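In: Give me a model of this one.
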Amino acid sequence: MLNALGERETGRKTGDNSQYKFENPELGFLGKYQFAEILLIRLGYYKAKVYYGNGADKNYWRGTWTNKRGIDSKTKLLNSPEVQEAAIREAFAVYWQDINYLLKQRRKSVNEYLGQQRKFNDNGKSKNVKITLSGLMAAAHLRGPVPGTSQFLFFQER
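Out: Reported below is the predicted structural model:
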């Protein structure tokens with residue numbers, strides 16, 4: 001799943017170490033998993049008051065690095081595959097907390113959704129997906145746990 005996510009995020013094949021050094025030229029996301037400032041802030045790697053979605057129109061990386069796991073610069077992050085792999089796993093733990101928090105507010109459990117089929121519209125095409133834990137984590141990373149992934153879970157309940 002992580003290899004597929006890395007390929008989707010960078011457009012580069014698994015095993016191509018340039019995935020880790022990839023920087024999105026338009027929006028400034030970084031690395032194999034296209035980390036955003038806000039995610040690295042939440043994970044404790046970075047500090048900034050202005051960031052993409054909060055006063056900035058892209059990830060400019062004008063804040064400061066915390067030296068967590070030895071990462072004190074954008075360059076260090078881009079040259080640290082092992083840290084990027086650890087950080088995506090940390091992100092999944094955060095996403096899991098976010099999703100479960102929302103589910104508990106609705107008196108629901110993730111177990112009520114796992115294995116269910118959901119229909120969605122993908123650029124005019126109707127598609128079906130089976131809800132899996134890895135799929136939820138990938139969706140949370142790509143669209144955000146709230147509202148993106150949570151809206152998808154609750155879509156057919158309304």
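In: so where's this protein uncertain?
Out: The chain contains residues with pLDDT under 70 at 145-148, 150-158.
In: where along this protein do the strands fall?
Out: Assigned strands in the chain, in chain order: 46-47, 51-52, 55-56, 64-65, 117-122, 125-130 (criterion: DSSP state E).
In: Determine which of those strands approaches A93 most closely.
Out: Smallest distance to A93 across the strands of the chain (Cβ to Cβ): 17.3 Å, for strand 46-47. No exception for glycine: its C-beta is placed from N, CA and C like everyone else's.
In: what residues does the closest one touch?
Out: With contacts defined as Cβ atoms under 8 Å, 6 or more residues apart in numbering, strand 46-47 is touched by 37, 40-41, 61, 63-66.
In: same thing but at 6 Å, please
Out: The contact list for strand 46-47 (Cβ atoms under 6 Å, 6 or more residues apart in numbering) reads 40, 63-65.
In: Now do the nearest residue to I38 once chain neighbours are set aside against Q34, distance only.
Out: Nearest residue to I38, sequence neighbours excluded (Cβ to Cβ, 6 or more residues apart in numbering): Y51, at 5.6 Å. Relative to Q34, Y51 is positioned 15 Å away (Cβ to Cβ, to the nearest Å).
In: tally of neighbours for the residue nearest to I38?
Out: 22 (other Cβ atoms under 10 Å).
In: Near the closest residue to R62 other than its chain neighbours, how many other residues are there?
Out: Sequence neighbours aside, A48 is the residue nearest to R62 in space, at 6.6 Å (criterion: Cβ to Cβ, 6+ apart). If you count neighbours by other Cβ under 10 Å, A48 ends up with 20.
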